[in-house]
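>>> kindly generate the corresponding structure for this input.
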Amino acid sequence: MTSDHQDFVTVPSPLVSNNWGILELEAESAAPATASEAEDDAATNPEDAYDAGDVNSGYGDSLVSSTKSLTASVIDYVYENGRRYHRFQAGKYMMPNDETEQDRLDIYHHFQFLSLRGLLYTAPLKGNPHNILDCGTGTGIWALDMGEMFPCAQVIGVDLSPIQPTWVFPNVKFEVDDLELEWTFKEDYFDLIHSRNIAQSIRNWPCYLRQMFRSTRPGGYVELAETEAQLHCDDGTYAGSNLERYMNNFWKAGTKAGLLAPDGNVLRQYAEEAGFVDVEIHYYKQPWGAWPKNAEMKKIGETCALAIGKGGFEAYAMALFTRYLDMSAEDVVALCRLAQADVGGKRVHTYQIMWHVTGMKPEDD
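Numbers count the residues shown, from 1 in each chain. You can find the predicted model right below:
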């Protein structure tokens with residue numbers, strides 16, 4: 001990021017801007033810890049979205065083209081190093097889908113809810129939306145919240161893993177699909193297409209945005225929410241930490257896998273090249289751990305630490321580090337525990353930047 005942020009939308013915050021345009025956090029004082037202590041801490045018809053299709057409670061019975069119904073092969077999961085992964089397009093997405101990960105995803109949803117101060121989206125929608133798409137829906141919690149907020153809207157959640165609930169609101173539907181395959185949704189259809197933390201499965205972002213543009217109705221919006229693949233620290237506590245060692249490995253493995261999230265400016269570029277207009281970047285500072293003095297940011301950091309403590313470090317690292325860095329599963333677990341101790345112990349004061357990039361499809365003349 002640069003010091004020139006006139007193109008960014010500033011989010012109201014109790015924090016003070018520093019000289020490069022982000023925000024400074026003041027840490028609570030914490031007693032130093034020894035290495036041994038760190039280790040110890042360690043309403044519309046759902047089928048209208050398609051040219052053909054049907055729906056049951058939660059999942060579609062018959063889907064066209066690349067959209068897959070729930071067959072035995074889809075739910076025949078892959079098990080690796082003690083974690084469970086998706087079978088459909090096996091190996092493409094590096095994150096597990098087991099119960100531990102599902103719990104983490106739900107906590108992470110609350111973490112994002114706190115960061116956005118109670119908002120589910122930042123796009124300036126015009127009126128109540130009728131058709132909403134959630135890309136990489138995970139447990140489906142965002143889609144379900146949107147379905148409850150807009151009971152007259154149809155909400156579709158898409159994911160590689162069928163881990164969503166089967167009994168849902170009548171206006172919410174889930175599909176098992178690979179978002180990098182050709183989309184089968186109708187053209188000019190969705191009022192909002194939402195995509196959050198999907199960098200671990202998208203390799204061709206320009207194509208992804210072009211498909212979004214095609215399926216967004218004129219006047220509709222896209223919202224892309226991604227985090228940096230690096231952490232920031234303003235007081236030097238990050239340098240030389242186990243957390244820094246973990247993140248350096250994550251950067252190296254993610255680079256080899258081609259799965260690092262583009263930053264906000266690159267996402268904006270992709271959105272504009274796809275045809276979206278009025279593209280804005282909303283950025284949020286998210287502390288890792290309960291070290292900030294500010295009460296609001298402390299709560300956000302506590303929730304982040306809770307999500308990490310629910311297997312977050314291991315979820316991001318196990319497949320990436322073992323497949324691309326040739327680390328053993330035991331070494332990955334050991335590093336994850338040390339990094340987690342840095343966050344939980346409030347001795348390392350780091351934060352990440354979360355981007356929400358919004359853009360509108362031009363309205364018809």
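
>>> grab the most central residue of the chain for me.
Taking CA atoms, centre = their mean, the centroid of the chain lies closest to Asn197, which sits 1.9 Å from it.

>>> touching, that one and Ala229? I think so.
No - with contact defined as CB atoms under 8 Å, Asn197 does not count as touching Ala229 (11.5 Å). Yep, even glycine has a C-beta here, placed from its N, CA and C like the rest.

>>> all helices of the stretch 251-365 of the chain, in order?
264-274, 295-307, 313-324, 329-344 (DSSP state H, counting those that start in this stretch).

>>> who's in contact with the residue nearest to the centre of the chain?
Residues in contact with Asn197 (CB atoms under 8 Å, 6 or more residues apart in numbering) are Tyr108, Gly136, Ala225, Glu226, Thr227.

>>> give me the distance between it and His356.
In this view, Asn197 and His356 are 11 Å apart by CB to CB, to the nearest Å.

>>> quick one, grab the pLDDT at Ala49.
Looking at Ala49, its pLDDT is 55.

>>> next one: Asp61
At Asp61, the predicted lDDT confidence score is 36.

>>> again, but for the one 4 residues further on
pLDDT, the model's per-residue confidence, is 35 for Ser65.

>>> run a quick neighbour tally on Thr184.
Counted with other CB atoms under 10 Å, the neighbours of Thr184 add up to 18.

>>> equivalent analysis for the one 3 residues further on, please.
Using other CB under 10 Å, Glu187 is surrounded by 10 other residues.

>>> over to Lys285?
Applying other CB under 10 Å, we find 20 residues neighbouring Lys285.

>>> contact partners for Glu223?
With CB under 8 Å, 6+ apart, Glu223 has these contacts: Tyr121, Thr122, Ala123, Leu192, Ile193, His194, Ser195, His356, Val357, Thr358.

>>> where do the strands sit along the stretch 101-250 of the chain?
131-135, 154-159, 172-176, 190-196, 216-227 (DSSP state E, counting those that start in this stretch).

>>> Asn265: which of the ones you listed is closest?
Nearest of the strands of the stretch 101-250 of the chain to Asn265, taken as CB to CB: strand 216-227 at 11.8 Å.

>>> partners of that closest one in the sheet?
Take DSSP bridges as the rule and strand 216-227 pairs in its sheet with strand 190-196 (parallel), strand 350-360 (antiparallel).

>>> by neighbour count, which of the contacts of Glu223 wins?
Val357 (29 neighbours).

>>> what about stretch 116-134, average pLDDT?
Computed over stretch 116-134, the average pLDDT equals 96.

>>> buried sites along it?
Using 16 or more other CB atoms under 10 Å as the test for burial, stretch 116-134 gives Leu116, Leu120, Tyr121, Thr122, Ala123, Leu125, Pro129, His130, Asn131, Ile132, Leu133, Asp134.

>>> next: stretch 167-176.
Buried residues in stretch 167-176 (16+ other CB under 10 Å): Val168, Asn171, Val172, Lys173, Phe174, Glu175, Val176.

>>> so the last one makes contact with Asp159?
Pointing back at Val176 there. Yes - contact criterion CB under 8 Å: Val176 and Asp159 qualify, at 6.7 Å.

>>> isn't Asp178 right up against Ser161?
No - contact status for Asp178 versus Ser161: not in contact, 11.2 Å apart, counting by CB under 8 Å.

>>> of the contacts of Asn197, which is the nearest to Leu267?
Closest approach between those and Leu267, by CB to CB: Glu226, at 6.6 Å.

>>> from memory the closest one sits against Pro262, does it?
Yes - contact criterion CB under 8 Å: Glu226 and Pro262 qualify, at 7.2 Å.

>>> who has more neighbours out of these two?
Glu226 (24 against 18).

>>> beta partners for the more buried one?
Bridge pairing for Glu226 (DSSP bridges) gives the partners Trp355.

>>> please report how far it lies from Thr100.
23 Å.

>>> residue contacts, the closest residue to Asp331 other than its chain neighbours?
Spatial nearest neighbour of Asp331, excluding adjacent residues (CB to CB, 6 or more residues apart in numbering): Phe321 at 8.0 Å. Contacts for Phe321 (CB under 8 Å, 6+ apart) come out as Asn249, Ala253, Met327, Asp331, Val332, Leu335.

>>> how close does the spatially closest residue to Met360 that is not a sequence neighbour get to Pro124?
Spatial nearest neighbour of Met360, excluding adjacent residues (CB to CB, 6+ apart): Asp278 at 4.9 Å. Distance of Asp278 to Pro124, given as CB to CB: 9 Å.

>>> now Ile107: how far from Asn171?
Distance of Ile107 to Asn171, computed by CB to CB: 25 Å.

>>> over to Gly140?
Plainly put, Gly140 is 13 Å away from Asn171 if you go by CB to CB.

>>> any buried residues in stretch 238-258, and which?
Result for stretch 238-258 [16+ other CB under 10 Å]: buried residues Tyr238, Ser241, Asn242, Leu243, Glu244, Tyr246, Met247, Asn249, Phe250, Ala253, Gly254.

>>> can you check the pLDDT for Leu105?
Predicted confidence (pLDDT) for Leu105: 89.

>>> grab the nearest non-local neighbour of it.
In this structure, Leu105 finds its nearest non-sequential neighbour in Gly138, 4.6 Å apart by CB to CB, 6+ apart.
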